[in-house]
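Novice: Let me see the structure of the following:
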Amino acid sequence: MKSRTVIIVLFLSIILIFTALYIIRVFNSREIDDVSPAVPCSEEILMKSDILWIVPIFENVSITDYPEWCEYILSFNKSLGLHGVYHTFEEFDYDREVSYLNLGADYFEKCFGFKPNLFKPPHLALSEKNKNIIEKQVYMVKGKFNQ
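Specialist: Here you go, the predicted model:
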């Protein structure tokens, strides 16, 4: 009898967890990472997303070299955020200076005409020092929960 109760409790717990995850997924914003002229992405996916995370320099391709792409991305009227500078592995897990962050923000501003106010580190790797630097630059840092 006890094993049956354990199985029922386990089954109900699993259903509760999946239900909670589904509700979080439905009501959370939809986001797409790694948006860059160097990364192909369908218009359908861009349209479904609420936030587009822009990589200003990806594989040595700068978003400022593609003004038509910048206008195309702006035409979606989505929230845009800065997704690193070069999008290298654990890019912001290593201590960076404000000038490094500003490099990405400057490219972003040249492309879209405004400074970013959202930041999401590539691969979600972010040291405490870098988090403090980013927050002092008036960025809201998005973390692991939205993945």
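Novice: list the helices and strands the lengthiest helix in the chain packs on?
Specialist: Longest helix of the chain, by residue count under DSSP state H: helix 2-27. Applying 3 or more CB pairs under 8 Å, 6 or more residues apart in numbering; DSSP states H and E, we find helix 2-27 packed against no helix or strand. The way it works is simple: take the backbone N, C-alpha and C, and place the C-beta from them, glycine included.
Novice: Which is the succeeding secondary structure element to it?
Specialist: The first helix or strand that comes after helix 2-27 along the chain, using DSSP states H and E, is strand 31-35.
Novice: any idea how far the longest helix of the chain is from the chain center?
Specialist: Relative to the centre of its chain, helix 2-27 is centred 29 Å away, using CA atoms, centre = their mean, to the nearest Å.
Novice: quick one: residue 58 and residue 85 touch, right?
Specialist: No: contact criterion CB atoms under 8 Å: residue 58 and residue 85 do not qualify, at 9.7 Å.
Novice: Name the nearest residue to residue 83, ignoring sequence neighbours.
Specialist: Excluding its sequence neighbours, the residue lying closest to residue 83 (CB to CB, 6 or more residues apart in numbering) is residue 53, at 3.6 Å.
Novice: Would it be right to say that the one you found lies in a strand?
Specialist: Yes: under DSSP: H, G, I helix; E, B strand; the rest coil, residue 53 sits within a strand.
Novice: That one against residue 32, yeah?
Specialist: Yes: with contact defined as CB under 8 Å, residue 53 counts as touching residue 32 (6.7 Å).
Novice: Looking at the two, which is more packed in?
Specialist: Legend: neighbour count by other CB atoms under 10 Å for residue 53 and residue 32, higher for residue 53 (24 against 17).
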